[in-house]
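A.B. asks: here's a sequence, model it:
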Amino acid sequence: MVNQSQTSASAKLFNWLSIILLVYLVLVAVGTVSGGFKLASGGSEGAKEIFAFATNPVVALLLGALATALVQSSSTVTSVIVGLVAGGLPISIAIPMVMGANIGTTITNTLVSIGHIRSKEEFKRAFAASTVHDFFNLLAVVIFLPLEIMFGILEKFASSLAHVFVGDADLSLKSYNFIKPLVKPAVNVVKDAVSFLDSTAAGVSMVVIGIMMILFAVTYLGKLLKKALVGKAKELLHSAIGRGPLVGIGSGAVVTVMVQSSSTTTSLMIPLAGSGVFTTRQIYPFTLGANIGTTITALLAATSITGAAAEVALTIALVHVMFNVFAVTLIYGMPLLREIPLQLAEKIADIGSRNKPAALAYVLGSFFVFPGLIMLAVR
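C.D. replies: Numbering: from 1, shown residues only. Now for the predicted structure:
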């Protein structure tokens, strides 16, 4: 028994040390993406052409959605976006990308719902519970993207708040920033490894390496956090059911911060909806809380950026937070708007339960085919 206890304690310690190491790797990766984009952009105009196709906000939105659907992680995509903004990507283009990441991340729980496809009633309940997240995020984009294009509300608000933290010397947190000395040596190792290339090629290589590092780190960070915390996360979700929407939203946010994955939070609920334990209406607030909780990764990524780019990096991270908070406040706070995602989800679930190929077509078409075709059409 003593040996088993010691083994268990050692496994837990190793698990948490691995989590710390992966968080550090995320910070290094974001710094690498930022440094690489700066190097490539400074060395040649050719590097800027990598993102020239995203000058249209609609294309940027679809690019964010498609990229997130492909890697099944909004945390990965938003961390990359933070690094690119720090490297010079315009915030006006990055904002639609972040909104697109919100749309793309919902594919995971929709795929989980397809696991119930053998039972018509189970599938109907599970598909409704998963697609309510899709329709909420789509409605949020329909409302906030035009407002952002016309008035720049999110950018102005986030920029003002970011300036408070990193703008003025007297108010700045820069002097307390211990991240840079920890991250810089590792970023320099990557930079030195590609230094034999010309500046453009070296910069692009750093961006690619950084993206791969983020993908690796976020994927395994999620797995380790699930192993460490998913039991507690389930308990929290179960205990919060029936205590009102505010508790549901708060619990969804907390669980997502715990496991670093909105997909995990929402996917935990889908089998329970499919089996009839909870209704779509009960699960709805948790999915909104997951949207808010997932923004912690971009904020974490922004801490690795220092110097002149620190403010813009924090700005795009705060845009992600505010977009989700404002969307939840407006849409869920207004009964008329609140019902739209529920009604659309129940309608598509009814169609999908009676016509299974239509449900599969919805998943493939919404997340891959339609965004890809639109991107090609508007280029």
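A.B. asks: can you classify residue 328 by secondary structure?
C.D. replies: The three-state label given to residue 328 by DSSP: H, G, I helix; E, B strand; the rest coil is helix.
A.B. asks: quick check: it touching residue 248?
C.D. replies: No. Residue 328 is beyond contact range of residue 248, at 11.0 Å (criterion: C-beta atoms under 8 Å). The way it works is simple: take the backbone N, C-alpha and C, and place the C-beta from them, glycine included.
A.B. asks: anything in contact with each of these two?
C.D. replies: Shared contacts of residue 328 and residue 248, defined by C-beta atoms under 8 Å, 6 or more residues apart in numbering, comprise residue 288.
A.B. asks: state the mean pLDDT of the helix or strand where residue 213 lies.
C.D. replies: For residue 213, the host element (DSSP states H and E) is helix 199-240. The pLDDT scores in helix 199-240 average 74.
A.B. asks: how near is residue 331 to residue 270?
C.D. replies: 21 Å (C-beta to C-beta, to the nearest Å).
A.B. asks: other SSEs contacting the following helix or strand past the helix holding residue 213?
C.D. replies: Once helix 199-240 ends, the next helix or strand along the chain (criterion: DSSP H and E) is helix 245-259. Contact partners of helix 245-259 among helices and strands, from 3 or more C-beta pairs under 8 Å, 6 or more residues apart in numbering; DSSP states H and E: helix 199-240, helix 262-274, helix 280-293.
A.B. asks: what average pLDDT does helix 245-259 get?
C.D. replies: Here the average pLDDT along helix 245-259 is 84.
A.B. asks: buried ones in that helix?
C.D. replies: Residues of helix 245-259 classed as buried: 245, 247-259 (neighbour count, 16 or more other C-beta atoms under 10 Å).
A.B. asks: nearest to residue 299 among those?
C.D. replies: residue 257 (10.4 Å; C-beta to C-beta).
A.B. asks: my read: that closest one touches residue 292, true?
C.D. replies: No. Using C-beta under 8 Å, residue 257 makes no contact with residue 292, being 9.1 Å away.
A.B. asks: count of neighbours near residue 272?
C.D. replies: Applying other C-beta atoms under 10 Å, we find 19 residues neighbouring residue 272.
A.B. asks: tell me which helix or strand comes right after the one helix or strand residue 10 maps to.
C.D. replies: Taking DSSP H and E as the criterion, residue 10 maps to helix 2-43. Per DSSP H and E, helix 2-43 leads on to helix 57-71 as the next helix or strand towards the C-terminus.
A.B. asks: counting contacts, what elements does the next helix or strand after that following helix pack onto?
C.D. replies: Using DSSP H and E, the helix or strand that follows helix 57-71 in sequence is helix 74-86. If you count contacts as 3+ C-beta pairs under 8 Å, 6+ apart, helix 74-86 packs onto helix 2-43, helix 57-71, helix 91-104, helix 199-240, helix 296-302, helix 310-327.
A.B. asks: for helix 74-86, what is the average pLDDT?
C.D. replies: On average, helix 74-86 scores 85.
A.B. asks: compute the inter-axis angle for it and helix 2-43.
C.D. replies: 30 degrees (axes from the mean of the first three to the mean of the last three C-alpha atoms, to 10 degrees).
A.B. asks: can I get helix 74-86 as CSV, trimmed to CA atoms?
C.D. replies: Output in CSV follows, covering the C-alpha atoms of helix 74-86 (Å, rounded to 0.1, in the frame of the first residue of the first chain):
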residue,chain,number,x,y,z
SER,A,74,-9.3,27.5,-30.6
SER,A,75,-6.5,27.8,-27.9
THR,A,76,-3.9,26.9,-30.5
VAL,A,77,-5.2,29.3,-33.1
THR,A,78,-5.7,32.2,-30.8
SER,A,79,-2.2,31.7,-29.4
VAL,A,80,-0.8,31.8,-32.9
ILE,A,81,-2.8,34.9,-33.7
VAL,A,82,-1.4,36.7,-30.6
GLY,A,83,2.1,35.9,-31.9
LEU,A,84,1.4,37.1,-35.4
VAL,A,85,-0.1,40.4,-34.1
ALA,A,86,3.0,40.9,-32.0
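A.B. asks: contacts only, for the closest residue to residue 346 other than its chain neighbours.
C.D. replies: The shortest distance from residue 346 to any residue other than its chain neighbours is 5.1 Å, reached at residue 128 (C-beta to C-beta, 6 or more residues apart in numbering). Contacts of residue 128 were listed using C-beta under 8 Å, 6+ apart, and they are 273, 280, 345, 346, 348, 349.
A.B. asks: so which strand or helix has residue 128?
C.D. replies: helix 120-151.
A.B. asks: which parts of the following helix or strand past that helix are buried?
C.D. replies: Remark: after helix 120-151, the chain's next helix or strand is helix 153-166, criterion DSSP H and E. Residues of helix 153-166 classed as buried by neighbour count (16+ other C-beta under 10 Å): 154, 155, 158, 159, 161, 162, 165, 166.
A.B. asks: the third one against residue 315, yeah?
C.D. replies: Yes. Applying C-beta under 8 Å as the test, residue 158 and residue 315 come out as touching, 4.8 Å apart.
A.B. asks: closest to the centroid, which residue in this protein?
C.D. replies: Closest residue to the average C-alpha location of the chain: residue 74 at 2.6 Å, with C-alpha atoms, centre = their mean.
A.B. asks: ok, the spatially closest residue to that residue that is not a sequence neighbour to residue 133 distance?
C.D. replies: Spatial nearest neighbour of residue 74, excluding adjacent residues (C-beta to C-beta, 6+ apart): residue 105 at 3.7 Å. Taking C-beta to C-beta as the measure, residue 105 falls 9 Å from residue 133.
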